[in-house]
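[1] Structure here, sequence nowhere to be found:
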Ligand code: ADP
Ligand code: MG
């Protein structure tokens with residue numbers, strides 16, 4: 001078990017907490033502050049326990065000097081002041097005297113938000129390359145380090161892995177919740193265990209498939225990626241999205257796990273025609289799974305004891321192609337099937353289609369969750385001390 005935020009005494013201590021405050025901002029306005037709200041639990045815990053809280057986060061990517069003005073955390077600072085009933089300060093510098101002065105002036109319960117850690121990526125990529133000097137410098141500003149940025153746990157950056165190597169450390173409430181939920185559903189011994197995969201490309205998902213296929217009872221395939229599988233079985237998929245580099249991969253997987261893998265039997269085309277998979281014509285593009293496939297998939301889901309979903313069943317962003325994805329979520333809701341959903345677009349589809357409260361867990365980390373589902377130990381978590 002990893003040490004967590006509740007394993008330390010914070011009275012008067014300077015605590016560096018790495019949060020994921022990477023919110024969408026348009027013209028200086030935050031368009032969705034979910035990530036800020038979710039981070040408040042750990043931040044408030046530190047405040048309530050009399051810490052001097054130093055928050056680090058990245059925002060976007062910094063490749064040029066201009067990127068800096070577009071990716072300042074200043075709007076996040078303004079939001080934090082709204083949400084936190086305490087003194088909140090902002091450091092425009094990511095290192096140097098003015099930052100150090102702000103840190104040294106902190107009193108118990110004060111909060112300091114430091115500017116975007118990725119400002120250190122231009123010009124020398126110090127943050128993303130986990131530069132040792134930068135890591136040690138940041139660590140020197142605090143007494144304890146808490147990692148609550150689940151979405152970056154698959155990266156070994158200075159602001160998560162680098163600092164953790166140089167300070168007593170633990171995970172925050174968000175990271176703890178994510179890994180507890182993921183571990184619970186991945187490791188319990190209940191069957192039938194069904195994995196549903198869709199989304200765009202096979203290449204993004206082969207590691208996840210390789211890890212889960214050995215353990216699950218069924219792998220239901222939809223979305224764009226089913227067309228590479230269908231093509232590997234010699235179906236004509238018209239102009240549907242195909243990942244030709246992975247045709248052999250799909251063919252081999254089908255040969256090995258033919259009994260577990262369930263492919264669509266019909267699809268909805270770009271012109272909203274329903275086609276059996278053997279009658280897709282050359283100019284058609286598959287954009288959703290068809291009604292017979294929905295029935296086939298829901299029959300399997302109904303009897304499943306646990307389900308993991310990664311990737312929508314169709315182009316859910318367009319109403320005409322969201323039905324497959326929606327019907328899968330409906331059966332999960334109706335039958336209360338223990339279901340974890342992971343992937344950035346998958347999480348977005350659940351919210352968009354109105355099922356945000358109907359899952360055992362909606363994992364917030366896109367890339368991090370994919371790596372977790374692949375069986376990888378995330379570096380941002382691996383570096384944290386054991387209890
Ligand atoms: P996640 O982020 O959940 O891992 P992906 O990024 O793999 O999911 O895929 C999500 C995208 O896949 C969505 O934008 C969706 O429109 C697209 N998609 C789903 N089905 C198809 C399809 N049949 N053809 C092309 N794109 C598709
Ligand atoms: Mg995606």
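    Yep, it's here. Predicted model only: the values in this text are computed from it and were never measured. Residues are numbered from 1 along each chain as shown. Ligands and ions are numbered 1, 2, ... in the order given.
[2] Now do the residue in the chain positioned nearest to ligand 2 against ligand 1, distance only.
    Distances from the chain to ligand 2, computed as C-beta to the ion, single out residue 345 as the nearest residue at 4.0 Å. Any C-beta I mention is one placed from the backbone N, CA and C, and that applies to glycine too. Using C-beta to the nearest ligand atom, to the nearest Å, residue 345 is found at 3 Å from ligand 1.
[3] Run through the residues that contact the residue of the stretch 201-350 of the chain found nearest ligand 1.
    Distances from the stretch 201-350 of the chain to ligand 1, computed as C-beta to the nearest ligand atom, single out residue 343 as the nearest residue at 2.3 Å. Contact analysis of residue 343 by C-beta atoms under 8 Å, 6 or more residues apart in numbering lists 199, 310-311, 363, 366, 369-370.
[4] Take those residues and keep only those in strands.
    When DSSP state E is applied, the contacts of residue 343 are split such that residue 310 fall in strands.
[5] out of the contacts of residue 343, who has the most neighbours?
    Neighbour counts for the contacts of residue 343 were taken using other C-beta atoms under 10 Å; the highest belongs to residue 369, with 29 neighbours.
[6] got the residues of the stretch 251-387 of the chain near ligand 2?
    Proximity of the stretch 251-387 of the chain to ligand 2 is assessed by C-beta under 5 Å from the ion, with 344-345 identified as the residues in range.
[7] Do a quick rundown of the strands in the stretch 251-387 of the chain.
    Taking DSSP state E, counting those that start in this stretch as the criterion, the stretch 251-387 of the chain carries its strands at 261-262, 266-269, 274-276, 286-289, 306-310, 338-342, 361-362.
[8] Let me have those strands in JSON lines, extended by mean pLDDT.
    As requested, the strands of the stretch 251-387 of the chain are exported to JSON lines (pLDDT from 0 to 100):
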{"stretch": "strand 261-262", "mean pLDDT": "98"}
{"stretch": "strand 266-269", "mean pLDDT": "98"}
{"stretch": "strand 274-276", "mean pLDDT": "98"}
{"stretch": "strand 286-289", "mean pLDDT": "98"}
{"stretch": "strand 306-310", "mean pLDDT": "97"}
{"stretch": "strand 338-342", "mean pLDDT": "96"}
{"stretch": "strand 361-362", "mean pLDDT": "96"}
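[9] Of all those strands, which one comes closest to residue 327?
    Using C-beta to C-beta as the measure, strand 286-289 is the one of the strands of the stretch 251-387 of the chain that comes nearest residue 327, at 8.5 Å.
[10] List of residues touching that closest one?
    For strand 286-289, the external contacting residues (C-beta under 8 Å, 6+ apart) are 222, 224, 226-227, 237-238, 240, 264, 266-270, 275, 280, 297, 313-315, 318, 320-325.
[11] one step back: looking at the strands of the stretch 251-387 of the chain, which is closest to residue 119?
    Relative to residue 119, the nearest member of the strands of the stretch 251-387 of the chain by C-beta to C-beta is strand 338-342, separated by 29.9 Å.
[12] Show me what that closest one is packed against.
    For strand 338-342, the packing partners by 3 or more C-beta pairs under 8 Å, 6 or more residues apart in numbering; DSSP states H and E come out as helix 173-187, strand 306-310, strand 361-362, helix 366-373.
[13] most tightly surrounded among these?
    Between those, the one whose residues have the most neighbours on average, counting mean count of other C-beta atoms under 10 Å, is strand 306-310 (a mean of 25).
[14] how far out from the middle of the chain is that strand?
    In terms of C-alpha atoms, centre = their mean, to the nearest Å, the centre of strand 306-310 is found 15 Å from the chain centre.
[15] any residues touching it, and which ones?
    Strand 306-310 has contacts (C-beta under 8 Å, 6+ apart) with 185-186, 188, 190, 193-199, 205, 208, 212, 216, 301, 328, 332, 337-343, 346, 369-370, 373.
[16] Now the buried members of those.
    185-186, 193-199, 205, 208, 212, 216, 301, 328, 332, 337-343, 346, 369-370, 373 (16 or more other C-beta atoms under 10 Å).
[17] pretty sure residue 68 is in a strand, no?
    No - using DSSP: H, G, I helix; E, B strand; the rest coil, the secondary structure at residue 68 is helix, not a strand.
[18] tell me, how many neighbours does residue 5 end up with?
    Using other C-beta under 10 Å, residue 5 has 24 other residues around it.
[19] Tell me if I'm right that it and residue 171 touch.
    Yes - applying C-beta atoms under 8 Å, one finds residue 5 in contact with residue 171, separated by 7.0 Å.
[20] Please identify every residue contacting each of these two.
    Shared contacts of residue 5 and residue 171, defined by C-beta under 8 Å, 6+ apart, are found at 146, 148.
[21] returning to that earlier point: where is pLDDT lowest across the contacts of residue 343?
    Across the contacts of residue 343, the member with the lowest pLDDT is residue 366, scoring 88.
[22] now it: how far from residue 259?
    Here the criterion is C-beta to C-beta, to the nearest Å. By it, residue 366 lies 31 Å from residue 259.
[23] same deal with residue 225?
    Counting by C-beta to C-beta, the gap from residue 225 to residue 259 is 20 Å.
[24] more crowded one of these two?
    Neighbours were counted for residue 225 and for residue 259 using other C-beta under 10 Å; residue 225 has more, 26 against 8.
[25] Give me the secondary structure label for the closest residue to that one other than its chain neighbours.
    Once flanking residues are discounted, residue 225 sits nearest to residue 202: 4.7 Å by C-beta to C-beta, 6 or more residues apart in numbering. Under three-state DSSP, residue 202 falls in the coil class.
[26] again, but for residue 45
    helix.
[27] if I pick it, what's in contact with it?
    Here residue 45 is in contact with 5-6, 173 (criterion: C-beta under 8 Å, 6+ apart).
[28] separation between it and residue 107?
    Shown here: residue 45 relative to residue 107, a distance of 18 Å by C-beta to C-beta.
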